[in-house]
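Engineer: The sequence isn't on hand, but the structure is:
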């Protein structure tokens, strides 16, 4: 489905007239929009539409749209103004015979992105920008209400939580595969049980003698294994080392 089928401004979609990325004021405008979309957990910035009428803009169309809005050009703008830096992708789609560039800002923000430099009134330094609802219109601006901050913080925490979940799932899956590859034998279990019984017996003796207090023991793990094949006997000290 084309991204240009339905044109509207939402929290994850911002519309812009034709801007000149080589113009510093326009570049700062692009950067502010991308930072806000990043803090929104991703979205798209579409050029060539009036954000008020939602109609196509017919003025300022570059002679070579794809070259003017080349990925390297837009990425350079984002890297110049955003802290921390983040990657963007550029795609081009046609509507009614006109090619429109679309900047795709990825999700996954784990800490708020702020502006690293300023330019006139377009963007302030060390400022967080978000997609916020003001006067019944969504725009890229500084957080205006507690809800704006709550939404941004929740997005960052949700992404951090998801990242931790992915870490554990990745490693637990590998451990589970390893465990499935292990096999046990009656001799291994017998040896493990024998050691556990000896441990319990010694603990009871020490408790009865008053050498250690009687309390639950937590955090212990017993492991036994049998090495099959030729094995050269080693001195106990050497083996323990």
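Structural biologist: Nice, thanks for sending it over. These numbers were taken from a predicted model, which means no experiment stands behind them. Numbers count the residues shown, from 1 in each chain.

Engineer: Which residue, other than its chain neighbours, is closest to residue 18?
Structural biologist: Counting by C-beta to C-beta, 6 or more residues apart in numbering, residue 18 lies nearest to residue 60, which is 3.7 Å off, once chain neighbours are set aside. All C-beta spots, glycine's among them, are computed from the backbone N, C-alpha and C.

Engineer: Now do the contacts for that neighbour.
Structural biologist: 17-20 (C-beta atoms under 8 Å, 6 or more residues apart in numbering).

Engineer: Okay, now the unreliable bits of this protein?
Structural biologist: Within the chain, the segments meeting pLDDT under 70 span 1, 176, 178-184, 217.

Engineer: Name the residue most distant from the centre of it?
Structural biologist: Going by C-alpha atoms, centre = their mean, the residue of the chain most distant from its centre is residue 209, 56.8 Å out.

Engineer: All the strands of the protein, residue numbers only.
Structural biologist: Assigned by DSSP state E, the strands in the chain fall at 13-16, 43-47, 82-83, 88-95, 98-105, 114-115, 130-134, 137-141.

Engineer: out of these, nearest to residue 155?
Structural biologist: Comparing these against residue 155 with C-beta to C-beta, the closest turns out to be strand 130-134 (9.4 Å).

Engineer: The closest residue to residue 16 other than its chain neighbours: neighbouring residues, count only.
Structural biologist: Closest residue in space to residue 16, ignoring its immediate chain neighbours: residue 47 at 5.1 Å, by C-beta to C-beta, 6+ apart. Using other C-beta atoms under 10 Å, residue 47 is surrounded by 25 other residues.

Engineer: Could you list which residues are in contact with residue 47?
Structural biologist: Contacts of residue 47 by C-beta under 8 Å, 6+ apart are 16-19, 69, 100-103.

Engineer: between these, which is closest to residue 135?
Structural biologist: The closest of the contacts of residue 47 to residue 135 turns out to be residue 16 (C-beta to C-beta; 18.9 Å).

Engineer: looking at it, the closest one is touching residue 33, isn't it?
Structural biologist: Yes - the criterion here is C-beta atoms under 8 Å, and residue 16 meets it with residue 33 at 6.8 Å.

Engineer: how near is the spatially most central residue of the chain to residue 121?
Structural biologist: The chain has residue 108 as the residue nearest its centroid, 3.1 Å off, counting by C-alpha atoms, centre = their mean. Distance, residue 108 to residue 121, using C-beta to C-beta, to the nearest Å: 30 Å.

Engineer: One more: residue 203?
Structural biologist: Relative to residue 121, and taking C-beta to C-beta, residue 203 is found at 75 Å.

Engineer: got it, and residue 230?
Structural biologist: Distance of residue 230 to residue 121, given as C-beta to C-beta: 81 Å.

Engineer: higher neighbour count, these two?
Structural biologist: Using other C-beta under 10 Å, the more surrounded residue of residue 230 and residue 121 is residue 121, with 8 against 5.

Engineer: Pop out the phi and psi values for the more buried one.
Structural biologist: Phi and psi for residue 121, reported as degrees, to the nearest 10, are phi -90, psi 0.

Engineer: who touches residue 98 in this structure?
Structural biologist: Contacts of residue 98 by C-beta under 8 Å, 6+ apart are 48, 56, 61.

Engineer: beta partners of it?
Structural biologist: residue 95 (DSSP bridges).
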